[in-house]
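Peer 1: would you be able to build a 3D model of this:
(one chain, ligands or ions: 2)
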Amino acid sequence: MRIAIMGSGGLGGYFGARLAQGGADVHFIARGRHLEAMRSEGLRIEGPEPMHLPKVNVTDRVADVGVADVVMLCVKLWDTEQAIAQIRPLVGPGTTIVSFQNGVLKDQYLRAAFDARQLMGGVGYVATTIAAPGVIRQTGPMQRLVFGEFDGSRSARGEALLAACLAGGIKAELSQQILRDIWEKFVFLVGLSGTTTTMRRTIGPIRSNPQTRAFLLDVMREVVAVGRAHGVPLPEDYAEVRLQLADDVSPDMTSSMHHDLERGNRLEVRWLAGGVVELGQAKGVPAPLNRAIADILALHAEGGAHA
Ligand SMILES: NC(=O)C1=CN([C@@H]2O[C@H](COP(=O)(O)OP(=O)(O)OC[C@H]3O[C@@H](n4cnc5c(N)ncnc54)[C@H](OP(=O)(O)O)[C@@H]3O)[C@@H](O)[C@H]2O)C=CC1
Ligand SMILES: CC(C)(CO)C(=O)C(=O)O
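Peer 2: Residues are numbered from 1 along each chain as shown. Ligands and ions are numbered 1, 2, ... in the order given. You can find the predicted model right below:
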């Protein structure tokens, strides 16, 4: 199976390395110093299960890769538009495109650019970052990919991607309710990213303090209300279910957006809390706490240099 990884950082580099190790014909699309390092030194994964792939197929010339069976979209959300334009040479009539980016707006952008039948939905769970050019560092053992057809069917292409993932040791699942899976992660991630980034704290103290715990819960309640208004079958008390997850994770866990803030990077807030506000407005559902998060972080959204 020929798999093109569009964006080979924390998410794409980690899961692409595992797919390659499992025998898939993986082609990484990268840029800058990370591209140069991957060309000369291969790709190294640090963390609980270290890996080194001394030689990887990597390029910034997308057209050289040719048509892929699967394109995995793994760039930060602000790079989506450019990435969608660049992946066109990878996409033939039999190509499947799956975005494992965070949020729920990503698939709307893909649907606007490609035939909906070429898309599968996807969610990625891992905590990784580019530690140095050519090096991805994983924190904690969590690693999981969930993907599936939006119509809930169990397709041959889904099974084929599942087999490739399992061969590489990825904890992968072929889902028959992928829209709900995407929203389930969105509820948790919007709560986690919105609180950890505005409060500059990890989840431990946030969930322990009654005032910040209530804020976390109410932020997630808004996401659930917006999702339900869009027809996503989330139970009414789903925010409470996700609060249980926030209680179960390690107290030092934080969000990638909090890391991005600390490094002075751009933030994905426009598509996370901001996405909740946007989708809420479309259905007349207010999301004042998410609006506050987006407003508080607005001066940081373009990165530290712009603050
Ligand atoms: N990392 C994680 O733990 C998880 C991340 N996610 C989500 O996955 C998405 C990706 O995040 P993450 O992997 O962390 O981001 P990273 O910044 O680590 O990786 C993205 C990589 O893609 C590169 N890139 C962007 N556009 C292009 C392009 N047009 N051509 C070539 N390379 C390109 C970036 O280069 P450059 O640095 O030059 O911009 C960067 O190397 C986000 O939506 C994130 O929220 C989801 C689950 C977990
Ligand atoms: C919550 C986590 C780490 C799970 O993958 C994540 O996606 C993020 O912080 O961006």
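Peer 1: from memory residue 253 sits against residue 202, does it?
Peer 2: Yes - the criterion here is CB atoms under 8 Å, and residue 253 meets it with residue 202 at 6.2 Å. For the C-beta atoms, the positions are set from N, CA and C on the backbone; glycine is no exception.
Peer 1: report the beta-bridge partner residues of residue 146.
Peer 2: Residue 146 has these beta-bridge partners by DSSP bridges: residue 123, residue 173.
Peer 1: tell me the pLDDT at it?
Peer 2: Looking at residue 146, its pLDDT reads 98.
Peer 1: relative to residue 85, how far out is it?
Peer 2: Look at residue 146 and residue 85: by CB to CB, to the nearest Å, they are 27 Å apart.
Peer 1: looking at these two, which is more packed in?
Peer 2: Set residue 146 next to residue 85 and count neighbours by other CB atoms under 10 Å: residue 146 wins out with 21 against 10.
Peer 1: gap between stretch 167-175 and the chain center?
Peer 2: How far stretch 167-175 lies from its chain's middle: 16 Å, per CA atoms, centre = their mean, to the nearest Å.
Peer 1: ok, so what distance separates the residue of the chain found nearest ligand 1 from residue 134?
Peer 2: Nearest residue of the chain to ligand 1: residue 9, at 1.8 Å (CB to the nearest ligand atom). Distance from residue 9 to residue 134, counting by CB to CB: 11 Å.
Peer 1: which neighbours do these two share?
Peer 2: Taking CB atoms under 8 Å, 6 or more residues apart in numbering as the criterion, residue 9 and residue 134 both touch residue 34.
Peer 1: okay, these two: which has more neighbours?
Peer 2: Neighbour tally, residue 9 and residue 134, criterion other CB under 10 Å: the higher count belongs to residue 134, 24 against 17.
Peer 1: that one - nearest residue in space that isn't next to it in sequence?
Peer 2: residue 37 (3.0 Å; CB to CB, 6 or more residues apart in numbering).
Peer 1: that neighbour and residue 133 touch, don't they?
Peer 2: Yes - if you go by CB under 8 Å, residue 37 and residue 133 touch, sitting 3.6 Å apart.
Peer 1: neighbour count: those two, which is higher?
Peer 2: More neighbours surround residue 37 than the other of residue 37 and residue 133, with 19 against 15 (other CB under 10 Å).
Peer 1: what sits against the closest residue to residue 268 other than its chain neighbours?
Peer 2: Distances taken as CB to CB, 6+ apart place residue 77 nearest to residue 268, at 4.8 Å, with adjacent residues excluded. Contacts for residue 77 were tallied using CB under 8 Å, 6+ apart; they are 101-103, 105-106, 268, 270-271.
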